[in-house]
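Undergrad: Give the three-dimensional model of this entry:
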Amino acid sequence: MIGRFFATIGRFVLDGLAGAGSIALFALNILSHLVRPPFYWREFLQSVLQIGWLSLPVVGLTAVFTGAALALQIYAGGARFSAESVVPSIVAIGMTRELGPVLGGLMVAARVASSIAAEIGTMKVTEQVDALVTLSTDPTKYLAVPRVLAAVVSVPFLVGIGDIIGIMGGWLVGTERLGFNSATYLKNTWAYLEFWDVGSGLVKGAVFGFVIAVMGCYYGMNSDRGAQGVGRATKTAVVAASVLILATNYLLTEVFFSS
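TA: Sure thing, here's the model as predicted:
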């Protein structure tokens, strides 16, 4: 029994390492294709529309309610120490450094990683991927590269717009609910917000976009046959992208702000 227990753990660890290595090789393959022609601009522009523009409503709604709730929480906590005046600066810093990119990335992962995995998985099941190979077209080049590049370009823009909307949500609650003067609130927001606060969030957004698209493409390309295989690939892509976003966020925060 003890031997079977450790054998099970060993198989689990080895399978995890093998999966991580396979994903890493897949990502490196995508990066190598980025610098080699041909490039499918039509697929890229369609992916920008799907990933960027159509994700804007859900990212905006998430940001405005997050900023509003953050303002209320900081005001309630700051009132214990007579530090209510820190609400504008903390909302701005919290949104731009952490909450904007992380929550935006998670919402995009839920929408985009699932969509990419389901689309490519369905193409594999219906043998459209095999048809691309028959036509001497690299499936990674045609399907994965445009989507990954579109995500890397689009997600930072979504993060930047989400930061603005989130800060405005905090401003709305601060002025209408908490009694802050509008000009003073905006002045304190601008005074304590530094360039790297915004820049670090945009860099995180680009990395998260890469993670989201790679997970969607990888699990779509490796989905099993049948409806259950596509559904399993879709679910796994979202879970893997979400976990990697949270882990990558910690690593990037450690690199950017550890000093």
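
Undergrad: Roughly how far does Val48 sit from Gly94?
TA: Per Cβ to Cβ, to the nearest Å, Val48 is found 29 Å from Gly94. For every residue, glycine as well, the C-beta is placed using N, CA and C.

Undergrad: And the closest residue to Leu143 other than its chain neighbours, how far from Pro139?
TA: Distance criterion Cβ to Cβ, 6 or more residues apart in numbering; nearest residue to Leu143, sequence neighbours excluded, is Ile120 at 5.7 Å. Distance, Ile120 to Pro139, by Cβ to Cβ: 8 Å.

Undergrad: out of these two, which sits in the busier spot?
TA: A direct count of neighbours by other Cβ atoms under 10 Å for Ile120 and Pro139 places Ile120 higher, at 27 against 18.

Undergrad: and that one, how far is that from Gly104?
TA: 23 Å.

Undergrad: what does Val91 give?
TA: According to Cβ to Cβ, Val91 and Gly104 sit 16 Å apart.

Undergrad: repeat for Gly209
TA: Separation of Gly209 from Gly104 (Cβ to Cβ): 10 Å.

Undergrad: Same check on Leu72?
TA: Per Cβ to Cβ, Leu72 is found 20 Å from Gly104.

Undergrad: Mind checking which of the two has more residues around it?
TA: Gly104 (33 against 16).

Undergrad: Do I have it right that that one meets Gly160?
TA: No. Using Cβ atoms under 8 Å, Gly104 is not in contact with Gly160, being 9.4 Å away.

Undergrad: can you list residues touching both of these two?
TA: Each of Gly205 lies in contact with both Gly104 and Gly160 under the rule Cβ atoms under 8 Å, 6 or more residues apart in numbering.

Undergrad: close enough to count as contact, Leu72 and Glu176?
TA: No. Leu72 lies out of contact with Glu176 (Cβ under 8 Å); the separation is 11.7 Å.

Undergrad: Low-confidence bits of the stretch 101-250 of the chain, can you list those?
TA: Counting by pLDDT under 70, the stretch 101-250 of the chain has no low-confidence residues at all.

Undergrad: How far away from the center of its chain is the helix or strand that contains Gly199?
TA: Using DSSP states H and E, Gly199 sits in helix 195-221. Distance of helix 195-221 from the chain centroid (Cα atoms, centre = their mean, to the nearest Å) equals 5 Å.

Undergrad: any idea how far the residue nearest to the spatial centre of the chain is from Val87?
TA: Computing the C-alpha centroid of the chain and ranking residues by Cα atoms, centre = their mean puts Gly105 first, at 2.6 Å. For Gly105, the distance to Val87 (Cβ to Cβ) stands at 25 Å.

Undergrad: Start from the N-terminal end of the stretch 1-150 of the chain and give the helices.
TA: Using DSSP state H, counting those that start in this stretch, the helices of the stretch 1-150 of the chain run over 2-34, 41-51, 56-78, 87-94, 100-108, 114-125, 128-134, 139, 145-176.

Undergrad: about what we covered before: give me the common contacts of Gly209 and Gly104.
TA: Residues touching both Gly209 and Gly104 (Cβ under 8 Å, 6+ apart): Val155.

Undergrad: hmm, back to that, could you say which of the helices of the stretch 1-150 of the chain is packed most deeply?
TA: Mean neighbour counts were compared across these using mean count of other Cβ atoms under 10 Å; the top stretch is helix 100-108, at a mean of 26.

Undergrad: got a list of contacts for that helix?
TA: When contacts are defined by Cβ under 8 Å, 6+ apart, helix 100-108 is touched by residues 51, 55, 58-59, 62-63, 66, 151, 155, 158-159, 162-163, 166, 201-202, 204-205, 208-209, 211-212, 242, 245-246, 249.

Undergrad: Since that was my last question, I'll sign off now.
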